[in-house]
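the following comprises the amino acid sequence and a computationally predicted model.
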Amino acid sequence: MASETEPEPIWRPDPAEADQAIVTAFSRWVAAEHGLDLPDYDALWHWSVEHLDDFWLAVWRYFGVQSEPGPTAVLATTEMPGATWFPGVRLNYVTHVFRDRDPDATAVVELTEAGGSTEVTWAELERQVSAAATTLRRLGVGTGDRVVGYLPNGAAAIVAFLATASLGAVWSCCGPDYAAEAAANRLAQLEPKVLVAADGYHFAGRAHDRRAEAVRLSALLPTLTDVLHLRHLGLPPAPYAVAVTEWADAADPARLDRADAADGVDGADGAAAADGLAPLPVPFDHPLWVLYSSGTTGVPKGIVHGHGGVVLEYLKTLGLGMNLTREDRLFWYTTTNWMMWNFNISALLSGTSVVAYDGSPAHPDTGQLWQLAARHQVTVVGTSPGYLQACERRGVIPDPNPALKRIGATGSPVPAPSFDWVRDQFGPDVPLMSTSGGTDIVAALVTSSPVVPVWPGEISCRALGVAADAFDADGKPVRGQVGELVVTKPMPTMPVYLWNDPDGAKYRAAYFDVYPGVWRHGDWITITDRGSVVIHGRSDATLNRRGVRLGSADIYQVVERLPGVREALVIGVDRPDGGYWMPLFVVLDGRELDDDLREAINGALRRDASPRHVPDEIFAVPAIPHTRTGKKLEVPIKRIMLGAEPAAVLSLSAVDDPGSLDAFVALAQARPPV
């Protein structure tokens with residue numbers, strides 16, 4: 001039983017299953033290799049961060065990372081930023097995707113909202129990647145060149161990425177829901193050589209034709225020499241100013257042969273593709289892909305991750321953290337705009353099959369995600385806390401799925417009631433496992449484990465090999481109280497560099513400006529005495545009521561579970577007279593903001609959070625603005641409420657619904673806080 005001060009776990013690992021978990025076998029192997037006593041996860045975590053070299057070399061050896069030559073050192077320097085991992089080795093991400101696979105087993109399940117369903121075997125996936133790589137090579141793409149995508153989530157995006165990476169070229173992608181200018185703000189800075197563009201995408205019951213937007217994007221990429229056109233909706237390409245190749249030809253070796261014959265050449269390209277894939281070994285930190293910051297305050301920062309770091313981190317996370325094997329199927333709902341796309345497809349590194357879905361998780365009804373997962377025997381489903389809350393509010397009863405083992409959630413803090421909903425709907429043996437990390441490190445900092453209990457509203461543990469801590473304002477570790485989430489030692493997936501940041505000034509300012517030599521992630525957290533973690537919200541959107549720091553997530557968890565409240569956003573504004581104004585904005589679902597609802601909101605916050613969490617005023621707004629990856633725009637809204645023009649505080653192209661800002665501008669003009 002839990003003590004009065006310690007909550008009861010909502011899920012405990014089954015002892016027999018925990019004994020068979022990959023992390024348990026790894027821990028025993030490490031203990032034997034190093035003469036250690038590692039009785040539980042906490043002991044393994046402490047060893048992993050106190051002996052970084054030994055831990056990451058153990059991950060390398062346990063999962064059989066392939067390189068030439070083998071590693072002779074792990075960390076040449078531990079300085080942050082600037083840590084150098086596995087100097088001298090050469091490897092390729094793509095090598096590890098295709099090694100030792102059953103050619104007839106399914107690798108990718110491609111689904112569309114319109115009902116499309118295609119299974120791609122490992123053999124077919126490798127064949128397509130080889131052909132696409134041959135096409136890119138024929139178009140002049142080589143090591144270090146950039147290939148970019150304007151693509152929905154599907155098999156073609158996976159093939160294009162793997163083909164690019166196999167050549168030592170660098171991949172980057174935006175979804176076709178982005179306007180051309182917003183996509184160009186990200187992709188143009190890379191000076192790409194080739195664009196892989198789809199004709200459109202599916203969402204919310206519509207097929208969205210984006211051919212004209214793709215042509216406009218190509219015109220905003222002056223270094224472009226070629227376009228590969230994907231008929232995702234079955235539409236022919238619009239006229240481009242550069243050469244166009246059909247994707248169906250580019251990714252098919254037989255069609256390459258026919259194209260060579262038509263060009264009067266000897267078919268060497270098609271023959272090379274048919275001979276098999278030969279990924280080029282590159283240095284450990286050679287750029288694999290470029291992801292982007294949200295771009296809310298300017299041109300999005302290009303965040304570069306290396307081949308070796310991603311391979312090593314994901315083999316650790318997928319195996320030790322998620323217990324994934326080639327018997328599993330992962331379906332994390334995402335678009336190509338979010339780092340979870342990179343994570344989802346990287347389950348291929350573990351031999352796990354992946355689902356790539358183009359469409360809404362909630363159309364034609366809110367339970368669409370669960371229906372697809374059940375139909376395709378998904379063993380691990382990943383989603384957002386917002387989707388779980390929507391399912392609870394709308395009374396969704398998920399389709400039975402006997403294959404389902406666990407549910408993951410990330411993107412924002414998971415409120416405690418969502419853990420109850422998952423247990424009620426899926427039973428006591430399917431845990432909801434919350435995780436938190438970021439695009440910056442394309443990985444988890446705090447996470448769940450198959451051998452650690454789950455407590456509602458908490459994240460079970462710190463990730464292995466991640467020296468995550470909570471610091472106070474003086475840079476001292478704190479426990480049981482709110483502190484800044486920091487990482488005190490290097491991680492393999494910390495950015496190799498930021499794009500167009502030759503002296504590293506932007507990199508240092510982004511992550512190392514508060515605590516020199518220590519990564520500051522930008523979240524408020526509490527590390528409990530049992531090692532679990534509570535996320536309170538972004539530290540740059542801190543609420544400071546009468547000298548007490550409050551996390552916005554603590555307010556959302558209470559307010560957004562009330563009947564009639566669909567979503568909420570809270571900000572805190574310091575007045576020139578020394579006062580403090582904390583308004584709450586709510587999006588309502590079928591009711592008015594009257595005195596009864598105001599009292600219900602205030603009463604719930606007073607009861608379930610604290611009197612300090614009760615807002616000064618409550619306003620109803622039509623919508624809450626987010627980044628395109630779903631983050632609430634707390635800081636820009638705070639600045640708008642202080643009188644700033646929206647265009648002065650954020651890039652409108654980075655907002656999911658720019659029109660949602662209008663209500664806040666009107667409120668600021670009609671009722672300034674000072």
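In hand now; what should we look at?

going forward, measure contacts between C-alpha atoms and count neighbours the same way
Noted.

which parts of the stretch 301-450 of the chain are strands?
For the stretch 301-450 of the chain, the strands defined by DSSP state E, counting those that start in this stretch occupy 302-306, 329-332, 353-358, 380-383, 406-409, 432-434, 436-438, 443-447.

which one of these has the poorest average confidence?
Here the lowest mean pLDDT among the strands of the stretch 301-450 of the chain goes to strand 436-438, at a mean of 94.

re earlier: take the strands of the stretch 301-450 of the chain and write them to a markdown table, including distance to residue 249.
Listed next are the strands of the stretch 301-450 of the chain as a markdown table, based on distance: least, C-alpha to C-alpha, whole Å:
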| stretch | distance to residue 249 |
| --- | --- |
| strand 302-306 | 30 |
| strand 329-332 | 28 |
| strand 353-358 | 21 |
| strand 380-383 | 33 |
| strand 406-409 | 37 |
| strand 432-434 | 42 |
| strand 436-438 | 36 |
| strand 443-447 | 35 |
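
any chance of TSV for those strands, columns distance to residue 234 and mean neighbour count?
Below are these laid out as TSV (distance: least, C-alpha to C-alpha, whole Å; neighbours: other C-alpha atoms under 10 Å):
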stretch	distance to residue 234	mean neighbour count
strand 302-306	32	25
strand 329-332	25	27
strand 353-358	15	26
strand 380-383	29	21
strand 406-409	33	20
strand 432-434	38	28
strand 436-438	35	19
strand 443-447	35	24
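
so who does residue 467 touch?
Contact analysis of residue 467 by C-alpha atoms under 8 Å, 6 or more residues apart in numbering lists 49, 487, 488, 489, 490.

could you check how far it is from residue 60?
19 Å (C-alpha to C-alpha, to the nearest Å).

and the gap between the closest residue to residue 78 other than its chain neighbours and residue 584?
Take residue 78 and drop its neighbours on the chain: the residue closest to it by C-alpha to C-alpha, 6 or more residues apart in numbering is residue 490, 6.4 Å away. From residue 490 across to residue 584, the span is 38 Å (C-alpha to C-alpha).

tell me which of those two has more neighbours.
Neighbours per residue (other C-alpha atoms under 10 Å) separate residue 490 from residue 584, with residue 490 holding more: 25 against 21.

surely the more buried one and residue 77 touch.
No. At 9.5 Å, residue 490 does not count as touching residue 77 under the criterion of C-alpha atoms under 8 Å.

overlap in contacts of the two?
In contact with both residue 490 and residue 77: residue 83, using C-alpha under 8 Å, 6+ apart.

low-confidence ranges in the stretch 501-650 of the chain?
Within the stretch 501-650 of the chain, the segments meeting pLDDT under 70 span 542, 546-549, 576-578.

what segments of it are helices?
Ranges of helices within the stretch 501-650 of the chain are 505-511, 552-559, 595-608, 634-641, 646-649, based on DSSP state H, counting those that start in this stretch.

let me see the ranges of the helices in the stretch 51-200 of the chain.
For the stretch 51-200 of the chain, the helices defined by DSSP H, counting those that start in this stretch occupy 52-62, 93-98, 122-138, 155-166, 180-187.

before we move on, the earlier item: out of the helices of the stretch 501-650 of the chain, which comes closest to residue 666?
helix 634-641 (9.3 Å; C-alpha to C-alpha).

check which helices and strands that closest one is in contact with.
helix 646-649, helix 662-670 (3 or more C-alpha pairs under 8 Å, 6 or more residues apart in numbering; DSSP states H and E).

angle of the last one against helix 634-641?
So that's helix 662-670. 40 degrees (axes from the mean of the first three to the mean of the last three C-alpha atoms, to 10 degrees).

show residues contacting helix 662-670.
Outside helix 662-670, the residues touching it (C-alpha under 8 Å, 6+ apart) are 621, 622, 637, 640, 641, 642, 643, 645, 646.

can I get the top strand by length along the chain in PDB? Just the C-alpha atoms.
Assignment by DSSP state E gives strand 519-527 as the longest strand of the chain. The C-alpha coordinates for strand 519-527 follow below in PDB (Å, rounded to 0.1, in the frame of the first residue of the first chain):
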ATOM      1  CA  TRP A 519      21.500  22.200 -20.900                       C
ATOM      2  CA  ARG A 520      18.400  24.200 -19.800                       C
ATOM      3  CA  HIS A 521      15.300  22.600 -21.500                       C
ATOM      4  CA  GLY A 522      12.700  25.300 -20.700                       C
ATOM      5  CA  ASP A 523      10.200  23.300 -18.500                       C
ATOM      6  CA  TRP A 524       9.300  23.500 -14.900                       C
ATOM      7  CA  ILE A 525       9.400  20.100 -13.200                       C
ATOM      8  CA  THR A 526       9.300  18.400  -9.800                       C
ATOM      9  CA  ILE A 527      11.300  15.300  -9.200                       C
END
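
what's the following helix or strand after the worst-scoring helix or strand of the chain on mean pLDDT?
Within the chain, confidence by mean pLDDT, DSSP states H and E is lowest for helix 268-275 among all helices and strands, at a mean of 53. Scanning forward in sequence from helix 268-275 by DSSP states H and E, the next helix or strand is strand 282-283.

partners of that next one in the sheet?
When pairs are called by DSSP bridges, strand 282-283 turns out to pair with strand 90-91 (antiparallel).

mind giving me the domain split of this protein?
106-280, 542-670 (automatic domain parsing).

and the shortest one, how far out from the chain middle?
Its chain's C-alpha centre lies 25 Å from the corresponding centre of domain 542-670 when counted by C-alpha atoms, centre = their mean, to the nearest Å.

same question for stretch 426-441.
With C-alpha atoms, centre = their mean, you get 12 Å for stretch 426-441.

same deal with stretch 43-55?
On the basis of C-alpha atoms, centre = their mean, stretch 43-55 is displaced by 25 Å from the centre of the chain it belongs to.
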